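Trainee: Below: sequence and its predicted model.
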Amino acid sequence: MRPLGFWLKTLDPLTAWTSATVSDQIRDEIQDAPFFGWQVDETTDISYRAQLSVIVRYVDSAGCSRLPRNAPTRWNFTSRIVSTVANNYDGLLQTFENIIADTTMDDDTLDCAKGFVRKLEDFEFVFMLYTYEQIFSETDVVFDIVQQRAMDVLYCKKRIESLLAFVKEKSSEGAFQAVYAKTADLTSDPRDEPMRKRRLTQLQDPQE
């Protein structure tokens, strides 16, 4: 029986060749893709070493585009999604509308794109999106601080108190009106909808 080292040396060239072939295939498909996107994400492992992952999503020449479902494993991943959608709202809406208008797309992709458009045009969804986008921008900073191995307890307490004051300020009438006006401008003000079209869960005055 040959030693393990022999097989590892034998597999090395094969692994390198396979990796290069797959990379070339992906590169060629991306060059022909009508839509593609990059996602570069950094996180730390249990030993606090930075880990970098690069994800490429694209539509191939056959028009196949399996849009991703949101399945974050940690709450701060959700905060990144909220920030990304809030900061790229117009571009995302336009992209999904372009996909819907493309007759080469498969039914699954079209259904997903239509679902995303419905969400992006829904007043309640967009209102919560921009509400939490403001909050997460502050909570992410505090989250990173308290995750440090050599953290200063007094400093952490100070930042948490500052965060609580920030959230309290965001619950004021002025902050609410600002987000409400922005959302109504992007979608439509639910107060303008006829009473018969309003959701059963809404009060007579949707703003209330």
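Mentor: Perfect, thanks for sending it. Numbering: from 1, shown residues only.

Trainee: contacts and neighbour counts: CA atoms only from here.
Mentor: OK.

Trainee: helix/strand/coil for the spatially most central residue of the chain?
Mentor: Centroid-nearest residue in the chain: I81, 2.4 Å away (criterion: Cα atoms, centre = their mean). For I81, the secondary structure call by DSSP: H, G, I helix; E, B strand; the rest coil comes out as helix.

Trainee: measure it to S137 for me?
Mentor: Using Cα to Cα, to the nearest Å, I81 is found at 12 Å from S137.

Trainee: Low-confidence stretches in this structure?
Mentor: 1-22, 43-50, 60-64, 66-77, 149-150, 194-203 (pLDDT under 70).

Trainee: try 50
Mentor: 1-2, 4, 6-8, 10-11, 14, 17, 70-73 (pLDDT under 50).

Trainee: Break down this protein into its helices, ranges please.
Mentor: All helices of the chain, identified by DSSP state H, fall at 4-32, 75-87, 89-101, 107-120, 123-146, 153-170, 173-186.

Trainee: Show me what the second one is packed against.
Mentor: This points to helix 75-87. helix 123-146 (3 or more Cα pairs under 8 Å, 6 or more residues apart in numbering; DSSP states H and E).

Trainee: Give me the helices and strands touching the helix it packs on, please.
Mentor: Partner elements for helix 123-146 (3+ Cα pairs under 8 Å, 6+ apart): helix 75-87, helix 107-120, helix 153-170, helix 173-186.

Trainee: Switch the ones you listed over to CSV, and while doing so, append distance to D28 to every line.
Mentor: Formatted as CSV, these follow (distance: least, Cα to Cα, whole Å):
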stretch, distance to D28
helix 75-87, 28
helix 107-120, 22
helix 153-170, 47
helix 173-186, 38
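
Trainee: For F96, find the nearest of those.
Mentor: With Cα to Cα as the criterion, F96 lies closest to helix 107-120 of the helices and strands packed on helix 123-146, at 5.2 Å.

Trainee: buried stuff in that closest one?
Mentor: 109-110, 112-114, 116-117, 120 (16 or more other Cα atoms under 10 Å).

Trainee: Same list (the residues you listed) but as TSV, adding distance to E169.
Mentor: Below are the buried residues of helix 107-120 laid out as TSV (distance: Cα to Cα, whole Å):
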residue	distance to E169
T109	41
L110	41
C112	37
A113	36
K114	36
F116	31
V117	31
L120	26
